[in-house]
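Student: here is a sequence with its predicted model. Questions after.
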Amino acid sequence: MRIFTFLIALSLLTGCGTTNSGSPSTAVAADGVTTADSASEFDSSGDGDSSGDGDSSGDGDSSGDGDSSGDGDSSGDGDSNGDGDSSGDGDTASDTASDAGGKGTPWGPISGACGVLAGELASPQPSFYVNTWNFNVDGPFDPKPLRAGAQARYSGPNAGGSSKCSETMSMQLLYECEGATTLKTETEISYSTQGTITDWLASFGGQKIGVSVTRAYKGPTVQTYTEIDAQVLLQKKLAGALESTANVAAADKWQKQIVHIWTLHAEWVPTLQTAWQNLDAATKANTIVLVTVEAGSSDITADTCE
């Protein structure tokens, strides 16, 4: 009887072990491209091009400059490879902390890739990050907490299209997450040659970075997104990024560009990932793609933040 009792106790003890699966993963792909989570969605139609460049795809990119998104990270933490590092810098601890805690803002927290872009500014490789802005404030959009640059864009002129809200909150998000400040809006940037323009000029610790804003959005009722949709968006936006970079005047010359995509549909991300990964290296160039999923609201992506 005592032997039987001992065997039961031993069985219970060995069955109670814990498995440490590690922190949420974030990673750098073999080609050096940092990918992110599928919590962000995309839309290549109905863009509301504010640059007057003839963009009819409906993606909301006012610069028409190009989009290199679609990394396929399904966790929303900025990592598609599972190595725990969303910034590609090898530091998994700080990235995981950012993903877990989020960044508080007056409209709600930002989770995922936040505070990780500085390490990509000098990289010659393309990269892709995803975060989610969880809007949790009841009532209509409140512009009062906007930073000066974002406030100026919110109340200032538009170069055309439905991009006021996405550009305004692009400025605000990159301030909240990266400490970036707004140097110039799209109507203030100078170019040596006419063509596709970029939405705003940012300063990241003194480094000039061009930011082109677009939307993965096909209207309030469309719920499907094909690989062809993704291809159209990505190729157009990335080509535009290369064109505006080549044409910008010396006084406003930026080090590289960020294509910032707003979306409401997280389930569209894998489709964009496939399309992006299939693009040639020359098209992706060294562009950073940041996808922001708008959760708990549609004001920014649908451009109804009045």
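Tutor: Everything's here; your move. Numbers count the residues shown, from 1 in each chain.

Student: which stretches of the stretch 1-150 of the chain aren't confidently modelled?
Tutor: For the stretch 1-150 of the chain, the stretches with pLDDT under 70 are 1-101.

Student: could you measure from Asp252 over to Gln207?
Tutor: 13 Å (CB to CB, to the nearest Å). For every residue, glycine as well, the C-beta is placed using N, CA and C.

Student: no wait, Ala180
Tutor: 9 Å.

Student: ok, now Leu264?
Tutor: On the measure of CB to CB, Leu264 and Gln207 end up 31 Å apart.

Student: same deal with His260?
Tutor: Relative to Gln207, and taking CB to CB, His260 is found at 17 Å.

Student: tell me the contacts of the closest residue to Phe204 other than its chain neighbours?
Tutor: Spatially, and ignoring its direct neighbours in sequence, Phe204 is nearest to Ala180 (5.1 Å; CB to CB, 6 or more residues apart in numbering). By CB atoms under 8 Å, 6 or more residues apart in numbering, the contact set of Ala180 is Met171, Leu174, Ala202, Ser203, Phe204, Ile209.

Student: more crowded one of Leu264 and Gln207?
Tutor: Leu264 (23 against 14; other CB atoms under 10 Å).

Student: for the lengthiest strand in the chain, give the mean pLDDT please.
Tutor: If you go by DSSP state E, the chain has its longest strand at strand 207-216. Strand 207-216 carries an average pLDDT of 94.

Student: against which helices or strands is that strand packed?
Tutor: helix 164-178, strand 200-204, helix 227-247, strand 256-263 (3 or more CB pairs under 8 Å, 6 or more residues apart in numbering; DSSP states H and E).

Student: for the ones you listed, which one sits closest to Ala285?
Tutor: helix 227-247 (6.0 Å; CB to CB).

Student: can you tell me the average pLDDT over that closest one?
Tutor: 92.

Student: pretty sure Val130 contacts Val291?
Tutor: Yes: with contacts counted by CB atoms under 8 Å, Val130 reaches Val291, the gap being 4.7 Å.

Student: quick one, strands of the stretch 51-200 of the chain?
Tutor: For the stretch 51-200 of the chain, applying DSSP state E, counting those that start in this stretch gives strands covering 110-112, 127-134, 181-185, 200-204.

Student: pairing partners for the second one, with directions?
Tutor: The reference is to strand 127-134. The strands that strand 127-134 pairs with in its sheet are strand 110-112 (antiparallel), strand 288-295 (parallel) (by DSSP bridges).

Student: now swap in the last one and tell me
Tutor: Strand partners for strand 200-204, identified by DSSP bridges, are recorded as strand 181-185 (antiparallel), strand 207-216 (antiparallel).

Student: just these: most buried one?
Tutor: strand 207-216 (a mean of 28; mean count of other CB atoms under 10 Å).

Student: and the angle for it with strand 256-263?
Tutor: 30 degrees (axes from the mean of the first three to the mean of the last three CA atoms, to 10 degrees).

Student: buried sites along stretch 240-258?
Tutor: For stretch 240-258, burial by neighbour count (16 or more other CB atoms under 10 Å) applies to 240-245, 247-248, 252, 254, 256-258.

Student: also stretch 111-120?
Tutor: Neighbour counts over stretch 111-120 (16+ other CB under 10 Å) mark Ser111, Gly112, Ala113, Cys114, Gly115, Val116, Leu117, Gly119, Glu120 as buried.

Student: okay, how far is it across that stretch, tip to tip?
Tutor: 19 Å (CA to CA, to the nearest Å).

Student: return the alpha-carbon coordinates of stretch 257-268 using CSV.
Tutor: The C-alpha coordinates for stretch 257-268 follow below in CSV (Å, rounded to 0.1, in the frame of the first residue of the first chain):
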residue,chain,number,x,y,z
GLN,A,257,11.4,57.2,-45.9
ILE,A,258,8.7,55.7,-43.8
VAL,A,259,5.5,54.5,-45.4
HIS,A,260,2.9,54.6,-42.7
ILE,A,261,-0.2,52.6,-43.4
TRP,A,262,-3.5,52.8,-41.4
THR,A,263,-5.9,50.0,-41.5
LEU,A,264,-9.0,48.5,-39.8
HIS,A,265,-8.7,44.9,-41.0
ALA,A,266,-6.1,42.8,-39.2
GLU,A,267,-6.9,39.8,-41.3
TRP,A,268,-5.6,41.5,-44.4
